[in-house]
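Visitor: Sequence first, predicted model second:
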Amino acid sequence: MSDIPLNPISKIDRDPNGQLRPGSVLNPNGRPPRSGGGIQRTIESLFSFINEPAVQARIRDALRKEAEEHPFRFARQFILPGIPYKDRKAFRERIRAAEQAAFDKAAAPFSGVSKTDAP
């Protein structure tokens, strides 16, 4: 029997300076099944929270309110990412045109042209 404890890490192929050689694996068995990391547990708890009907109703109401109050921002933040990449440029142009039309319509009453100055 040897006095040196059995350490599987010491059997790993290393360079003389102690660095692992390419292809060396410290854990050949890998992570045990169903032992996900913290991010996986966080995502699972977030999804279980979001799937509650009361939460879904509040999210739906908030999205509807945002779409009514700021339609162009809503289109950019929520609709545009879901559009295929090849069609995004045309959709952005449509949003810009609609924004410009809304701006022009709102600016028209304040154009600075007085109708009472005409002779």
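Guide: That came through, no problem. All values reported here derive from a predicted model rather than from experimental measurement.
Visitor: where does the residue most central in space within the chain fall, phi/psi-wise?
Guide: Centroid-nearest residue in the chain: residue 81, 9.6 Å away (criterion: CA atoms, centre = their mean). Main-chain torsions, residue 81, degrees, to the nearest 10: phi -60, psi -20.
Visitor: Remind me what the longest helix anywhere in the chain packs against, helices and strands.
Guide: Determined from DSSP state H, the single longest helix within the chain is helix 85-107. Other helices and strands packing on helix 85-107, by 3 or more CB pairs under 8 Å, 6 or more residues apart in numbering; DSSP states H and E, are helix 71-74. In short, each C-beta sits where N, CA and C put it, glycine included.
Visitor: can you tell me the average pLDDT over the helix it packs on?
Guide: In this model, helix 71-74 has an average pLDDT of 92.
Visitor: Could you do stretch 55-65 as well?
Guide: Stretch 55-65 comes out at a mean pLDDT of 95.
Visitor: same deal with stretch 13-32?
Guide: pLDDT averaged over stretch 13-32 gives 79.
Visitor: Pull out the buried positions in it.
Guide: In terms of neighbour count (16 or more other CB atoms under 10 Å), stretch 13-32 has no buried residues at all.
Visitor: Run the chain-centre distance for that stretch.
Guide: Distance, stretch centre to chain centre, for stretch 13-32: 34 Å (CA atoms, centre = their mean, to the nearest Å).
Visitor: what does stretch 64-78 give?
Guide: 17 Å.
Visitor: who's in contact with the longest helix of the chain?
Guide: 72, 75, 76, 79, 80, 83 (CB atoms under 8 Å, 6 or more residues apart in numbering).
Visitor: Select from those the one having the most neighbours.
Guide: residue 75 (18 neighbours; other CB atoms under 10 Å).
Visitor: Domain boundaries for the protein, per the record?
Guide: Per automatic domain parsing, the structural domains of the chain span 38-69, 72-107.
Visitor: distance between the ends of the first one?
Guide: It stands for domain 38-69. 37 Å (CA to CA, to the nearest Å).
Visitor: List every C-alpha atom in the longest helix of the chain, with coordinates, as CSV.
Guide: The C-alpha coordinates for helix 85-107 follow below in CSV (Å, rounded to 0.1, in the frame of the first residue of the first chain):
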residue,chain,number,x,y,z
TYR,A,85,-33.9,40.1,-40.2
LYS,A,86,-34.4,40.6,-43.9
ASP,A,87,-37.7,42.5,-43.3
ARG,A,88,-36.5,44.7,-40.4
LYS,A,89,-35.1,47.5,-42.5
ALA,A,90,-38.4,48.0,-44.3
PHE,A,91,-40.3,47.9,-41.0
ARG,A,92,-37.9,50.5,-39.5
GLU,A,93,-38.6,52.8,-42.5
ARG,A,94,-42.3,52.4,-41.9
ILE,A,95,-41.9,53.3,-38.2
ARG,A,96,-39.8,56.4,-39.1
ALA,A,97,-42.4,57.5,-41.7
ALA,A,98,-45.2,57.1,-39.2
GLU,A,99,-43.2,59.0,-36.6
GLN,A,100,-42.5,61.8,-39.1
ALA,A,101,-46.1,62.0,-40.1
ALA,A,102,-47.2,62.2,-36.4
PHE,A,103,-44.6,64.9,-35.8
ASP,A,104,-45.7,67.0,-38.8
LYS,A,105,-49.3,66.7,-37.7
ALA,A,106,-48.5,67.8,-34.2
ALA,A,107,-46.2,70.6,-35.3
